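Student: When you get a sec, could you give me coordinates for this:
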Amino acid sequence: FRPPDPDAYTELLCTAYARIKEANPDAEVLAAGLAPTMAPPGSEWGMDDLVFLQSMYDAGASPCFDGLAIHAYGFTFPPDEPADAREVNFARAELIRELMVSNGDAHKPCYITEGGWNDHPRWTKAVRPYQRLEYTIGAYEKALGEWDWCRAVCLWAFRYPWPAKTYQDSFTFVSPEFIPKPVYLETMHYAHGEPFEYLGK
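Tutor: You can find the predicted model right below:
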């Protein structure tokens, strides 16, 4: 949503919410996941996600969504790195949750709709391939064990239809040809309760 405008987004959200509920009262409407950033006011790079969310609440967004989508990228930090408003890490999702609770929305669930780690060898915000495996499984474990408010953890990205030929390719779980990467295989083993292929070796 550019330029970042929490008031305008709240108006859009509330309009969409009303129309969706008219068509299907049982539909669950999520407020969009915010790009995690610590950008200062007036920055060309966006708006701090915590400031944006609080501004949405101030604009009256609370009645206009049933749950909140969250983007939770770990960058170079492990999943158990404590949440810190001065850092972008996986646990930053907890700060988003705290804002929801403080604004009376503790009853609403959250969904991690985007996030994870990148193992590109030359990107400064990437981790080593083995760390990506550890951190990915650790993220699922953290959500299961600590985040009873989180209904799903969907990490970015399963597949791109063609190579981006940038560091973005190193977010994917399978290649454009559907060849599985180690992170896909370990996630599959974890989901099935099977022994890991790489971790612990």
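
Student: in stretch 39-51, what counts as buried?
Tutor: If you call a residue buried by 16 or more other Cβ atoms under 10 Å, then stretch 39-51 has these buried ones: Ala39, Gly46, Met47, Asp48, Asp49, Leu50, Val51. (Each C-beta comes from the backbone N, C-alpha and C, glycine too.)

Student: Now do that stretch: distance to the chain's middle.
Tutor: Centroid separation for stretch 39-51 versus its chain: 18 Å, with Cα atoms, centre = their mean, to the nearest Å.

Student: what's that stretch in contact with?
Tutor: Contact partners of stretch 39-51, identified using Cβ atoms under 8 Å, 6 or more residues apart in numbering, comprise 4, 6, 34-38, 71, 85, 92, 95-96, 99.

Student: switch the cut-off to 7 Å
Tutor: Residues outside stretch 39-51 that contact it (Cβ atoms under 7 Å, 6 or more residues apart in numbering) are Pro4, Leu34, Ala35, Pro36, Thr37, Met38, Ala85, Leu95, Leu99.

Student: end-to-end on that stretch?
Tutor: Using Cα to Cα, to the nearest Å, one end of stretch 39-51 lies 10 Å from the other.

Student: pLDDT on it, on average?
Tutor: In this model, stretch 39-51 has an average pLDDT of 89.

Student: now for whatever helix or strand Glu114 lives in, which elements pack on it?
Tutor: Here Glu114 sits within strand 110-116, counting by DSSP states H and E. Using 3 or more Cβ pairs under 7 Å, 6 or more residues apart in numbering; DSSP states H and E, the elements in contact with strand 110-116 are strand 67-73, strand 150-153.

Student: in the next helix or strand after the first one, what's buried?
Tutor: Looking back up the chat, that one is strand 67-73. Note on strand 67-73: by DSSP H and E, the next helix or strand toward the C-terminus is helix 92-102. Within helix 92-102, the residues that qualify as buried are Arg92, Ala93, Glu94, Ile96, Arg97, Leu99, Met100, counting by 16+ other Cβ under 10 Å.
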